[in-house]
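Peer 1: no sequence on this one, just coordinates:
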C-alpha cells in the first residue's frame, strides 16, 4: 500500500484523534492521542491490509518545557511497507499503556525508555533496568540538561 | 653481592651436565616473565587486535604467552575495550579470582582513561584503573598488534626487576 493509502485507512478509523505529519519520507508519520494509542496498535497489527507485524524501534524523546514523546517504527514483512507513529505525553507525568502484549519486542524497548527517560508504562510485565547499573539512582540520563556524578560535558571551544 | 647482581646467571660446564649459579629472584622472575598466560578478556573492538596479536602473523606464543579462558588459570589480564559501569563490577570480581602474582595491562584508549567516550557519556567508566590496579597502559584506538607486543615486553622488563619479597609482603599492591 502506498503512503496515501495507509494514512487514509488510519484516518477513516480514528478520525479526529489522528493527525498526519507532512514529510518527504516514503512512509507516513502519524500523531495519535494517548487515549487511543493501544487501540491503534492493535488495529495496525490485526488488520489484514495493514499487517504491521514487526516493530523495529520504540524510542522516547524529550522536548524540554513542552512534552515527552514516544516514537514507534512499524514495518510489515508481507506487504513491505513502513509507518511511524508518534504519541505526545504530558511533561509533568509521562505515562501510557504498554504495547508489549501486541508486539513482544516492545518489552525491552520500553524498559530502556523507562530507565532513560522516566516514562511509565502501565501493566508492563517486567519494569527492571536494562542498560544501567543495578543500583542506579542518579536520575534519567537521556533527558535534556541531565548531569550526574561521573558526567563530563564536552567543552565549548 | 656485586658479582651476583651484575652477572645474573653463571653457567659452568662440568662433565655430565651444566650448573647455573644465580639468585632465586632471577629464576623466579625469568620463569614468570617468559610464560605469561593471559586471560582473553576482550570487551569491544580492541579484542580484535588482541586476537590478531595472538594469531599467526604477530605471534604471542613465541613469548610463551598462551591464552586461557578462565581467570583461575591465568596471570595476566588484558582489559581490551570499553568498560561501562555495569561491567566494572564484573571486572573486579574476575580480577579477584586470579591467583597472585597477577598483572593487568590496559589496552586501548577506553581502558586507559575513557578514550573517545570521555566527554558526554553517562555509562562509561573513565579508565579501568579506577577499579583495579594497572601495570602497563597501551594507548591507541585500537593499538596495533606491534604496540600491544611492546606493552607486553615492557611488562616483562618490569617483572624482571621484581624482588621475591614483593608478593609476600604487601609492598606491591594487591
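Peer 2: Perfect, thanks for sending it. The structure presented is a predicted model; accordingly, all values stated were derived computationally and were not measured. Numbers count the residues shown, from 1 in each chain, chains lettered A, B, ... in the order given.

Peer 1: C-alpha from now on. contacts and neighbour counts both.
Peer 2: Noted.

Peer 1: Show the residue spans covered by the helices in chain B.
Peer 2: Ranges of helices in chain B, per DSSP state H, are B:2-6, B:24-33, B:46-54, B:85-97, B:109-113, B:145-160, B:165-168.

Peer 1: So what are the sheet partners of whatever helix or strand residue A:85 lives in and their directions?
Peer 2: If you go by DSSP states H and E, residue A:85 is part of strand A:82-89. According to DSSP bridges, strand A:82-89 forms sheet pairs with strand A:29-32 (parallel), strand A:67-75 (antiparallel).

Peer 1: Just the pLDDT for residue B:8.
Peer 2: Residue B:8 is assigned 60 on the pLDDT scale.

Peer 1: tell me which parts of chain A are close to chain B?
Peer 2: Within chain A, the positions near chain B by C-alpha under 8 Å from any C-alpha of the partner chain are A:131-134, A:141, A:148, A:150-154.

Peer 1: do that again at 7 Å, thanks
Peer 2: Proximity of chain A to chain B (C-alpha under 7 Å from any C-alpha of the partner chain) is limited to residues A:132-133, A:141, A:151-154.

Peer 1: returning to what we had before: which of the helices of chain B comes out lowest on mean pLDDT?
Peer 2: Sorting the helices of chain B by mean pLDDT places helix B:2-6 lowest, at a mean of 49.

Peer 1: Number of residues surrounding the residue nearest to residue B:36 when sequence neighbours are not counted?
Peer 2: Of all residues beyond its chain neighbours, the one nearest residue B:36 is residue B:65 (5.0 Å), with distances taken as C-alpha to C-alpha, 6 or more residues apart in numbering or on different chains. Using other C-alpha atoms under 10 Å in any protein chain shown, residue B:65 is surrounded by 20 other residues.

Peer 1: and what of the one 10 residues further on?
Peer 2: The local packing of residue B:75 (other C-alpha under 10 Å) involves 21 other residues.

Peer 1: what does stretch B:116-134 contact?
Peer 2: Contacts to stretch B:116-134, defined as C-alpha atoms under 7 Å, 6 or more residues apart in numbering or on different chains, come from residues A:141, A:151-154, B:83-85, B:92, B:104-106, B:110-114.

Peer 1: Return the set of buried residues in the lowest-mean-pLDDT helix or strand in chain A.
Peer 2: When each helix and strand of chain A is scored by mean pLDDT, DSSP states H and E, strand A:18-21 comes last, with a mean of 84. Residues A:18-19 are the ones in strand A:18-21 that count as buried (16 or more other C-alpha atoms under 10 Å in any protein chain shown).

Peer 1: Show me how far it is from its chain's centre.
Peer 2: Centroid displacement of strand A:18-21 relative to its chain, using C-alpha atoms, centre = their mean, to the nearest Å, is 15 Å.

Peer 1: wait, doesn't residue A:97 sit right on residue A:119?
Peer 2: No - using C-alpha atoms under 7 Å, residue A:97 is not in contact with residue A:119, being 10.3 Å away.

Peer 1: Between these two, which has more neighbouring residues?
Peer 2: Neighbour totals were compared for residue A:97 and residue A:119, and residue A:119 leads with 24 against 15 (other C-alpha under 10 Å).

Peer 1: What segments of chain A are helices?
Peer 2: A:3-14, A:37-46, A:106-117.

Peer 1: interface residues of chain B facing chain A?
Peer 2: For chain B, the contact set with chain A under C-alpha under 7 Å from any C-alpha comprises B:85-86, B:119-122.

Peer 1: This completes my enquiry, with thanks.
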